[in-house]
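Engineer: I'd like to go over a predicted model; first the sequence, then the structure.
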Amino acid sequence: MMLNDDTWQLVLVDILFLCLAGSMGFWFRSWLNKEKKAFDERLIALEGQQAGLERLCSRLYQICQFLEPLARKEGDEDISSVEPGDSSVVKRPPLPLGEQQKTVSSKAYREERYERARELLAQGQQPGEIARKLGLGRAEVELMGRIQRHKNQG
């Protein structure tokens with residue numbers, strides 16, 4: 001049995017189609033492998049970052065565990081120094097009259113207090129004193145001091 005021209009043409013077109021489909025399949029497979037490698041690399045990088053963040057969180061937790069008893073002890077001393085007629089809540093001293101006239105919500109006023117706190121820290125005053133004088137939280141002033149020390153070291 002002899003194949004005529006139409007049959008040969010049909011067979012060749014089928015073979016060409018199968019080769020095209022096979023090459024597309026191989027290309028898709030290689031593309032998937034490349035993408036998988038890229039995702040694996042990203043995953044490894046993210047795992048490294050997560051491990052770093054976990055170490056940082058662990059250190060912060062340890063620092064908090066260390067500082068909380070100190071803060072409680074200081075708070076107890078502040079409360080015990082309050083006169084019996086006063087409420088049990090530690091109050092900040094009133095601000096000077098000129099500063100009372102400014103609105104507390106004013107951004108310029110807040111910036112002015114923070115700037116004054118930075119100046120007093122640079123002069124070497126204690127954070128507790130500065131916080132009482134300016135009506136700021138002690139933690140705020142201590143944080144500003146740490147930031148200043150870090151900038152000076154860097």
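Structural biologist: Yep, that arrived. Residues are numbered from 1 along each chain as shown.
Engineer: which stretches of this protein form helices?
Structural biologist: The residue ranges that make up the helices of the chain, judged by DSSP state H, are 5-80, 97-100, 107-122, 127-134, 138-153.
Engineer: quickly compare these and say which is most buried.
Structural biologist: For those, ranked by mean neighbour count under the definition mean count of other C-beta atoms under 10 Å, the leader is helix 127-134 at a mean of 18. Bear in mind the C-beta positions are built from the backbone N, C-alpha and C, glycine included.
Engineer: send me it as PDB with only the CA atoms.
Structural biologist: Output of helix 127-134 as PDB, limited to C-alpha atoms (Å, rounded to 0.1, in the frame of the first residue of the first chain):
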ATOM      1  CA  PRO A 127      15.700  62.100  82.400                       C
ATOM      2  CA  GLY A 128      13.400  62.000  85.400                       C
ATOM      3  CA  GLU A 129      14.100  65.700  86.100                       C
ATOM      4  CA  ILE A 130      13.600  66.700  82.500                       C
ATOM      5  CA  ALA A 131      10.300  64.700  82.300                       C
ATOM      6  CA  ARG A 132       9.000  66.500  85.500                       C
ATOM      7  CA  LYS A 133      10.100  69.900  84.300                       C
ATOM      8  CA  LEU A 134       8.600  69.700  80.800                       C
END
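Engineer: residues touching it, excluding its own?
Structural biologist: 92-93, 95, 113, 116-117, 120-121, 136-138, 140-142, 145 (C-beta atoms under 8 Å, 6 or more residues apart in numbering).
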